[in-house]
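1. no sequence on hand, only this structure:
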């Protein structure tokens, strides 16, 4: 009974042990598994959002082309510059009206008789209009690097 154990020098008291307990390993694995699960969910959602943005951009582009074809159906090109063009179209009152499409910062806007501000394309990086023999060539590059091109047949000046 007289034997006392000196806990400060005893290697079995737990103070000198190295390594992880089973509980620490399970906690680390749980945190790592949760991180991978959240990362996979995030990448799947990012991919889905990117697809929806691309679909929205395509819809916007086709709506722009429909509006443009309507505007130019009976009209003729008046002037074409790098980032804007004008066309002349017969109006309902027998006169003619000038319709202008021009770049305005990151938008392409439509104006009638120099008035109005109707955005028809948004988030543009660049747009280029070129007069061809039988019409107008339009090349648009959006901020997400999507590129669209269309050639419309229209009567020249």
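-> Structure received. This one's a predicted model, so the numbers in the text were calculated from it and none came from an experiment.

2. immediately after the helix or strand harbouring residue 26, which helix or strand?
-> Using DSSP states H and E, residue 26 sits within helix 22-72. As assigned by DSSP H and E, the chain's next helix or strand after helix 22-72 is strand 76-81.

3. which element follows that next one toward the C-terminus?
-> Next element after strand 76-81 (DSSP H and E): strand 84-90.

4. any idea of the mean pLDDT for the helix holding residue 26?
-> Mean per-residue pLDDT for helix 22-72: 89.

5. I'd like to know which elements it is packed against.
-> With contacts taken as 3 or more C-beta pairs under 8 Å, 6 or more residues apart in numbering; DSSP states H and E, helix 22-72 sits against strand 84-90, strand 107-112, strand 115-121, strand 135-142, strand 147-153. In short, each C-beta sits where N, CA and C put it, glycine included.

6. out of these, which gets nearest to residue 34?
-> Closest to residue 34 of these, according to C-beta to C-beta: strand 135-142, at 36.6 Å.

7. pairing partners for that closest one, with directions?
-> With DSSP bridges as the test, strand 135-142 is paired with strand 124-131 (antiparallel), strand 147-153 (antiparallel).

8. buried residues, the shortest one. List them.
-> By 16 or more other C-beta atoms under 10 Å, the buried positions in strand 147-153 come out as 148, 150.

9. that one to strand 115-121, inter-axis angle?
-> 120 degrees (axes from the mean of the first three to the mean of the last three C-alpha atoms, to 10 degrees).

10. strand 147-153 vs helix 22-72, what angle?
-> Calculated by the same axes, to 10 degrees, strand 147-153 forms an angle of 10 degrees with helix 22-72.

11. any idea of the mean pLDDT for strand 147-153?
-> 91.

12. same check, this time on stretch 85-105
-> 89.

13. show residues contacting that stretch.
-> Stretch 85-105 is contacted from outside by 68, 71-79, 83-84, 108-114, 117, 119-120, 124, 127, 129, 131, 136, 154, using C-beta atoms under 8 Å, 6 or more residues apart in numbering.

14. and the buried ones among these, selectable in PyMOL?
-> Under the burial definition 16+ other C-beta under 10 Å, those of those that qualify are selected in PyMOL by:
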select buried, resi 68+71+72+75+77+78+84+108+109+110+111+120+124+127+129+131+136+154
